[in-house]
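S.K.: Structure for this input, please:
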Amino acid sequence: MNSAIRQIPLDTATQHHAHDYHQIVIALEGRADFDIEGLGGSIEGFSGCIVPANHMHYYAGTGNNRQLILDLPADALALTGHHHELARLFDAPRFFTLDTPLKHYLAFLTQEIGQLATDGPVPSLHQERLATTLLGSLYTRLANEAPPGHRRIDLQALDRYIDDHLSSRIKVADLAAFACLSETHFTERFRAQTGLSPWQYVIQRRLEASRHLLTRSHLPLSEIAALTGFSHQSALSRAYRQAYGHPPSQLRRHPSTKTLTTNSKLLDR
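M.R.: All right, here's what the predicted structure looks like:
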């Protein structure tokens, strides 16, 4: 895949995806909102954002908008050979604002692309040259700036999502989509923030919910298991024994039974 430079409006309805090539988006007219692996921001008035390959990003344009988009595969001429250092621009997502010289170059670039396009497709080699100049200028300005820190996962919001779907099968991909992250980045960031894998965390929420129902209701164990996401009563009992060392029926008979410390055998599954 060669580098490609295009000018398009972004859909005003929120969209999301990830792709295997890097991308730079610069606002030419109007505004657009982005959330790139948890880093959120808006671009307008010749500001832009860097979207590294394989990063889940949510985006939406506002009203009449027009964006300049550069699609850059990892093996693009602008990122390899003598220009390999420019690939560091895509080490992490970030937002930026063009200074006056870059605004002038962007005006030239858009006019050049527009003029050449009247005679047919713009030669790919020429697009690579234009992209390389823009990337080199951005790199000069951003190389010494540390990328902004990532937003922490909102655990309170995630808890509400888990609790609302507790009786259903919850996949890590579902949690990652809720947090606007790819599954890989969500899992890494979640473990760094909580010390647990998403699976371990969901199991804890299920056990806490079942404990609440065991002590505050007279529902049969089979119904509590279904309400808290265990496939059947025996699965709930097995989870209790592995986590707390006793069956759930013991908690019902003796509500004062302490179950605050979980057994690592369950959480290491």
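
S.K.: Give the burial count for residue 189, as a bare number.
M.R.: A total of 19 residues lie near residue 189 under the criterion other CB atoms under 10 Å. Where C-beta positions appear, they are placed from N, C-alpha and C, glycine not excepted.

S.K.: Might one say that it is in contact with residue 154?
M.R.: No - using CB atoms under 8 Å, residue 189 makes no contact with residue 154, being 11.7 Å away.

S.K.: For the protein, which helix or strand comes out least confident on mean pLDDT?
M.R.: Each helix and strand of the chain was given a mean pLDDT (mean pLDDT, DSSP states H and E); the minimum falls on helix 264-267 at a mean of 42.

S.K.: Spatially, and excluding backbone neighbours, which residue is closest to residue 63.
M.R.: Setting aside the residues directly before and after it, residue 63 is nearest to residue 30 in space (CB to CB, 6 or more residues apart in numbering), at 5.7 Å.

S.K.: how about the helix or strand hosting that neighbour: buried residues?
M.R.: Element membership for residue 30, per DSSP states H and E: strand 22-36. With burial defined by 16 or more other CB atoms under 10 Å, the residues of strand 22-36 counted as buried are 22-28, 30-36.

S.K.: What is the strand or helix carrying residue 70 packed up against?
M.R.: Element membership for residue 70, per DSSP H and E: strand 57-72. Judged by 3 or more CB pairs under 8 Å, 6 or more residues apart in numbering; DSSP states H and E, strand 57-72 is in contact with strand 4-8, strand 15-17, strand 22-36, helix 100-117, helix 124-142.

S.K.: tell me the most buried of the ones you listed?
M.R.: When the helices and strands packed on strand 57-72 are scored by mean count of other CB atoms under 10 Å, the highest mean neighbour count falls to strand 22-36 (a mean of 21).

S.K.: what is the mean pLDDT for it?
M.R.: In this model, strand 22-36 has a mean pLDDT of 95.

S.K.: tell me the domain ranges of this structure?
M.R.: Annotated domains of the chain cover 4-142, 155-267 [automatic domain parsing].

S.K.: Which residues are in contact with the residue nearest to residue 63?
M.R.: When contacts are counted by CB atoms under 8 Å, 6 or more residues apart in numbering, residue 30 touches 9, 44, 61, 62, 63, 64, 65, 66.

S.K.: per-residue confidence for residue 255?
M.R.: As predicted, residue 255 sits at a pLDDT of 58.

S.K.: Heading C-terminal from the strand holding residue 30, find the next helix or strand.
M.R.: strand 39-44.

S.K.: So in that sheet, which strands flank that next one, and in what orientation?
M.R.: With DSSP bridges as the test, strand 39-44 is paired with strand 22-36 (antiparallel).

S.K.: No further questions, thank you.
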